[in-house]
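Undergrad: Return a 3D structure for these sequence lines:
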Amino acid sequence: MRLHYRETIDRLPPPWKEDLLPAIREAFARARATLIVMDDDPTGCQTVHDIPILTAWPVEALRAEFGRSPVFFILTNSRSLPVREAIDLDREVARNIVKAASLEGRRFMVISRSDSTLRGHFRAEIETLTVEFGWQNAVKLCIPAFFEGGRFTIDDVHYVKEGDELVPAAETPYAKDPSFGFASSNLIDYICEKMGGAVAREDVCSISLQDIRRGGPEAVGEKLAGCSDGSFCVVNACERSDMDVVALAVFRAMETGKRFLFRTAAAIIPALFGLAPRALLGAGEFPPPQKGCGLIVVGSFVPMSSRQLAHLLKHGGVHGVELGVRRLLSGDGKFEIERVMDETNRSTGARRDTVIFTSRDLVTGATAEESIRIQADVAAALITIVRGIRAAPRYVLAKGGITSNDVAAKALGVKRAVVAGQIIPGVPVWRLGEDSRFPGMSYIVFPGNVGTETSMTDVVQALRTGA
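TA: I've put the predicted structure just below:
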């Protein structure tokens, strides 16, 4: 059932008022555990700042990060892979984490960060990490709330905010994803659905908003400590203070011997180590407008991405270059890539803000794995095109999770970057490391499902004028 946003929020118990960040920081320090976010696409850093991101995970790189960072991200991009390949990749990352942590004498906590609209390899990744870390007794916390993107969980139902309405997630286009579709908006039912009957509904715990807002960290901590070993637990949340209560409660439960594995969206991440919000990045924090042009790459097909692209092409003062997906997948693929690359180089060479975008007629396969393979072919073409750009851009904006990962790691050669902050809510900006093709450049990771119709245009125009 759809709900009116404001009326629903106003009916809830008042949020917990105490500032819990100092207590969370103390608890995180006492835990003496590095927080590692295994992100299945690059958008999960949309709530943090001044945090490192790795796009590769050799043991030595992980050892180095354990030595200098209490929190870091590993971009696995596993959502872009068929399930078997995602499992193999997660197994490799997990084993490298275990080896690096052992060599450095460090404990660690792990967040399996995924999409706030419930798309991803839910069962496969949870089961793989449980086995590889030897955490069979860990309680699996399911927390898909992401407030900047309008994702709220109330009475165990996950909602997507559209205008003034809260729409159950299963009633949105995201639930019809050809690779990761689902039928349940209630998270308990969603877990049972995705686990294929391996979990009974009555065995899933729930932390309600009443628990959080009336009981606070002590009551929630007791409830978490009481969850059966190896069980799932759903967490309701509607704002940052809810996450702070849960974060402190997690540490209190850990002090009683409880272990947790997190399957979450981005909202819980800063709460778990007590990171205070920072102001949005201004255009003045980017290189001056006269230094090169903006390069925008749009691969995402979700409806919001297509609306934002249409607005940018019409009102953004950019030069658009379309990559025809059907031509790409035909025998003319090589010529299509060369055509797009040549046109893009002419435009960027003239210092015109340029957007490369995939054609909007969605091409899918007969199965989920075939659809993922098609996405991979399209991503490979975008990588080749961006690699062929001759003039250094002032910034690169990549639209969509898979697109953002592939452009960064494969086209720009990024191995390590640092999240500078967000340019608009939910849209992070990286500063690229010295090993990348354009060291120090700003890289904007624009999730497909974040923002309003004008958001991408607003960002591009603000960076053009420096306002």
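Undergrad: So for the longest helix seen in the chain, what gets flagged as buried?
TA: Ranked by residue count and defined by DSSP state H, the top helix of the chain is helix 83-104. Residues of helix 83-104 classed as buried: Val83, Ala86, Ile87, Leu89, Asp90, Val93, Ala94, Asn96, Ile97, Val98, Ala100, Ala101 (neighbour count, 16 or more other CB atoms under 10 Å). Bear in mind the C-beta positions are built from the backbone N, C-alpha and C, glycine included.
Undergrad: SS state for Asp189?
TA: Here Asp189 is recorded as helix under DSSP: H, G, I helix; E, B strand; the rest coil.
Undergrad: Compute the number of surrounding residues for the closest residue to it other than its chain neighbours.
TA: Leaving aside its chain neighbours, Asp189 sits nearest to Arg201 (7.1 Å; criterion: CB to CB, 6 or more residues apart in numbering). If you count neighbours by other CB atoms under 10 Å, Arg201 ends up with 10.
Undergrad: cool, and Pro178?
TA: So Pro178, with other CB under 10 Å, has 17 neighbours.
Undergrad: ok, now which ones touch it?
TA: Going by CB atoms under 8 Å, 6 or more residues apart in numbering, Pro178 touches Thr364, Gly365, Ala368, Ser371.
Undergrad: The first one and Arg373: what is the separation?
TA: So that's Thr364. 10 Å (CB to CB, to the nearest Å).
Undergrad: Nearest spatial neighbour of Arg79, chain-adjacent residues omitted?
TA: Asp40 (4.2 Å).
Undergrad: isn't the residue nearest to Asp189 right next to Tyr190, touching?
TA: No. If you go by CB atoms under 8 Å, Arg201 and Tyr190 don't touch, sitting 10.9 Å apart.
Undergrad: related to what we said a few turns ago, show the buried residues in the contacts of Pro178.
TA: Buried among the contacts of Pro178 by 16+ other CB under 10 Å: Ala368, Ser371.
Undergrad: Arg259: which of the contacts of Pro178 is nearest?
TA: For the contacts of Pro178, the residue nearest Arg259 by CB to CB is Ala368; the value is 31.8 Å.
Undergrad: Would you confirm that that closest one contacts His121?
TA: No. Using CB under 8 Å, Ala368 is not in contact with His121; the gap is 10.5 Å.
Undergrad: tell me the angle the helix or strand encompassing Met38 makes with helix 83-104.
TA: Here Met38, judged by DSSP states H and E, is contained in strand 33-39. Using axes from the mean of the first three to the mean of the last three CA atoms, to 10 degrees, the inter-axis angle of strand 33-39 relative to helix 83-104 is 160 degrees.
Undergrad: Following element in sequence after strand 33-39, please.
TA: Trace forward from strand 33-39 with DSSP H and E and the next one is strand 51-54.
Undergrad: Summarise which helices and strands that following strand is packed against.
TA: Packing partners of strand 51-54 (3 or more CB pairs under 8 Å, 6 or more residues apart in numbering; DSSP states H and E): helix 59-68, strand 71-75, strand 416-424.
Undergrad: any idea where the helices of the stretch 251-400 of the chain begin and end?
TA: Using DSSP state H, counting those that start in this stretch, the helices of the stretch 251-400 of the chain run over 268-272, 303-315, 325-329, 333-349, 368-387.
Undergrad: Direction included, what does the strand holding Met38 pair up with?
TA: Strand 33-39 pairs in its sheet with strand 71-75 (parallel), strand 107-113 (parallel), by DSSP bridges.
Undergrad: pLDDT of the first one, averaged?
TA: This points to strand 71-75. Averaged across strand 71-75, the pLDDT comes to 97.
Undergrad: What would that strand look like as PDB? C-alpha coordinates only.
TA: Coordinates of each C-alpha in strand 71-75 appear next as PDB, following Å, rounded to 0.1, in the frame of the first residue of the first chain:
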ATOM      1  CA  VAL A  71      37.700   2.300   7.400                       C
ATOM      2  CA  PHE A  72      38.000   1.500   3.700                       C
ATOM      3  CA  PHE A  73      36.000   0.400   0.700                       C
ATOM      4  CA  ILE A  74      36.700  -2.400  -1.700                       C
ATOM      5  CA  LEU A  75      34.900  -2.000  -5.000                       C
END
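Undergrad: Show me which residues of it are buried.
TA: Residues of strand 71-75 classed as buried: Val71, Phe72, Phe73, Ile74, Leu75 (neighbour count, 16+ other CB under 10 Å).
Undergrad: Specify the angle between that strand and strand 416-424 in degrees.
TA: 90 degrees.
Undergrad: Where does pLDDT dip in this structure?
TA: 290, 467 (pLDDT under 70).
Undergrad: so what are the domain limits for it?
TA: Following automatic domain parsing, one finds the domains of the chain at 3-272, 283-465.
Undergrad: Could you check how far the last one is from the centre of its chain?
TA: Counting by CA atoms, centre = their mean, to the nearest Å, domain 283-465 is centred 17 Å from the centre of its parent chain.
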